[in-house]
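Student: fold the following for me, if possible:
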Amino acid sequence: MRLLHTMLRVGNLDRSLTFYCDILGMKLLRQKDYPGGEFTLAFVGYGDESEQSVIE
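Tutor: Numbers count the residues shown, from 1 in each chain. Below you'll find the model as predicted:
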């Protein structure tokens, strides 16, 4: 069994992406906006989701 991803809810997506990508060196793997639900899903990680666990 393998952990696929874990979810963290953040208050400021731009600041969080800056932290994970610029400081921790992760890559933004994918991002999808849900305007009706007023939220955005962003997945970051060190490698491809098929091989690595990621943060949602």
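
Student: which elements pack onto the helix or strand of the chain with the lowest mean pLDDT?
Tutor: Here the helix or strand of the chain ranked lowest by mean pLDDT, DSSP states H and E is strand 5-6, holding a mean of 88. Applying 3 or more CB pairs under 8 Å, 6 or more residues apart in numbering; DSSP states H and E, one finds that strand 5-6 contacts strand 54-55. Using the backbone N, CA and C atoms, a C-beta is placed for each residue, glycine as well.

Student: centre of the chain to the strand it packs on, how far?
Tutor: 6 Å (CA atoms, centre = their mean, to the nearest Å).

Student: count of residues packed around the closest residue to Leu8 other than its chain neighbours?
Tutor: Spatial nearest neighbour of Leu8, excluding adjacent residues (CB to CB, 6 or more residues apart in numbering): Ile55 at 6.1 Å. By the criterion of other CB atoms under 10 Å, Ile55 has 16 neighbours.

Student: next: Leu29.
Tutor: Quick note: Leu29 (other CB under 10 Å) scores 18 neighbours.

Student: what residues are up against it?
Tutor: Leu29 makes contacts with 43-45, 48-49, 54, as judged by CB atoms under 8 Å, 6 or more residues apart in numbering.

Student: distance check, the residue nearest in space to the middle of the chain against Leu28.
Tutor: Closest residue to the average C-alpha location of the chain: Phe43 at 2.5 Å, with CA atoms, centre = their mean. From Phe43 over to Leu28 the distance is 8 Å, taken as CB to CB, to the nearest Å.

Student: follow the chain on from the least confident helix or strand of the chain and name the next helix or strand.
Tutor: Counting by DSSP states H and E, the next helix or strand C-terminal to strand 5-6 is helix 13-17.
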